[in-house]
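[1] coords below, sequence missing:
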């Protein structure tokens with residue numbers, strides 16, 4: 001089993017920045033990809049960004065391209081989401097996820113964190 005713990009959420013004004021962190025523990029060797037998802041009130045959970053653990057390939061949702069950057073620190077078993085130029089519509093609970101697979105488009109996500117709230121005020 002893989003445990004994921006997110007941190008870094010909070011309240012920020014529109015145009016501001018936040019960096020989310022997700023620390024992984026447990027069966028680290030089983031992780032091939034990690035990603036970030038978000039769920040706003042009344043909406044379905046949506047994919048935000050993903051990264052391969054070894055090669056570093058990334059994928060982003062169109063809504064965050066150019067504003068968000070996903071990165072990883074293999075030595076710390078941690079993935080980050082740097083969020084710049086934040087908009088009120090980015091307000092959501094952000095979840096970290098891990099997958100045993102490398103395809104960032106079709107792979108199922110096996111493990112989830114508890115989520116961290118990001119609120120962007122206008």
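    Here it is on my side, so go on. Quick caveat, the model's predicted, so the values are computed rather than measured. Numbers count the residues shown, from 1 in each chain.

[2] Please tell me how far stretch 70-90 is from the chain's geometric centre.
    From the chain centre to the centre of stretch 70-90 is a distance of 6 Å (Cα atoms, centre = their mean, to the nearest Å).

[3] So for that stretch, mean pLDDT?
    Averaged over stretch 70-90, pLDDT sits at 96.

[4] Pick out the residue nearest the middle of the protein.
    What sits nearest the mean C-alpha location of the chain, by Cα atoms, centre = their mean, is residue 36, with 2.2 Å.

[5] contacting residues for it?
    Neighbouring residues of residue 36 by Cβ atoms under 8 Å, 6 or more residues apart in numbering: 20, 22, 48, 49, 50, 70, 79, 81, 94, 95, 96, 97. The way it works is simple: take the backbone N, C-alpha and C, and place the C-beta from them, glycine included.

[6] before we move on, what about residue 118?
    Counted by Cβ under 8 Å, 6+ apart, residue 118 has contacts 9-10, 12, 18, 20, 38, 83, 86, 90-94.

[7] Which of these are buried? Put it as a ChimeraX command.
    Buried subset of these, written as a ChimeraX selection, criterion 16 or more other Cβ atoms under 10 Å:
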select :9,12,18,20,38,83,86,90,91,92,93,94
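
[8] Look up which helix or strand the residue nearest to the centre of the chain falls in, please.
    strand 33-39 (DSSP states H and E).

[9] is it true that residue 107 touches residue 97?
    No. Using Cβ atoms under 8 Å, residue 107 makes no contact with residue 97, being 10.1 Å away.

[10] Which stretches in this protein count as strands?
    2-7, 10-13, 18-26, 33-39, 46-52, 58-60, 68-73, 78-83, 92-99, 111-112, 116-121 (DSSP state E).

[11] where does this protein dip in pLDDT?
    Along the chain, no part satisfies pLDDT under 70.

[12] So what's the residue count around residue 119?
    Using other Cβ atoms under 10 Å, residue 119 has 15 neighbouring residues.

[13] What number of residues are in the vicinity of the residue lying closest to it once chain neighbours are set aside?
    Spatial nearest neighbour of residue 119, excluding adjacent residues (Cβ to Cβ, 6 or more residues apart in numbering): residue 11 at 4.7 Å. By the criterion of other Cβ under 10 Å, residue 11 has 12 neighbours.
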